[in-house]
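Undergrad: Predicted model follows, preceded by the sequence.
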Amino acid sequence: MTIGKQTPYISFVRNCKLVLLLRRDYKEDERNVFKPAEWRWSIPQVCDNRWHHYAVSVSSQGVELTLDGELWQPENNNPEVIDDWPLHPAADLKTTLAVGACWHGSDLKMKHSLRGYLAGLSVLPGKREHSEVLKCLVQCSESLQ
């Protein structure tokens, strides 16, 4: 998923870890600055074959994971955080919001598209969802029938 001029936010599961990849836009004064770019949470819920609700909040203060309505507390080296450089400067980019697919540059198209149901997705650029709303998404009994 890409929000903003060039910044990709990508969330996926690999080796039973929930991964968030966040690449920063290029800023001339920060071109040589390493900053957190990838978070890897090792949590058993990722591979327990049950439905779970994940909410990842990104702000200038950092990244928070809410799992099934409860704020997940970081542990020793969990999440594993990887630093990286910002993206290279680019002009006149067209961006796309993609859910459940990934871009294959060699073919210039999206592949591996989602086939099925997605029970709720919120994209709130510049805003953060209130913790009570995230808790209710999991615990409140309201639903569409």
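TA: On my side now, so go ahead.
Undergrad: and Ser59, what pLDDT?
TA: At Ser59, the predicted lDDT confidence score is 80.
Undergrad: correction: Asp84
TA: Predicted confidence (pLDDT) for Asp84: 81.
Undergrad: Pull the number of nearby residues for the nearest residue to it once chain neighbours are set aside.
TA: Leaving out its chain neighbours, the residue that sits closest to Asp84 by CB to CB, 6 or more residues apart in numbering is Ala37, at 3.6 Å. For the C-beta atoms, the positions are set from N, CA and C on the backbone; glycine is no exception. Ala37: 17 surrounding residues under other CB atoms under 10 Å.
Undergrad: Please apply the same query to the one 5 residues further on.
TA: Applying other CB under 10 Å, we find 14 other residues in the vicinity of Ser42.
Undergrad: contacting residues for it?
TA: With contact taken as CB atoms under 8 Å, 6 or more residues apart in numbering, Ser42 is in contact with Cys16, Lys17, Asn78, Pro79, Glu80.
Undergrad: where's it relative to Asn76, distance?
TA: 11 Å (CB to CB, to the nearest Å).
Undergrad: same check, this time on Val58
TA: Using CB to CB, we find Val58 at a distance of 22 Å from Asn76.
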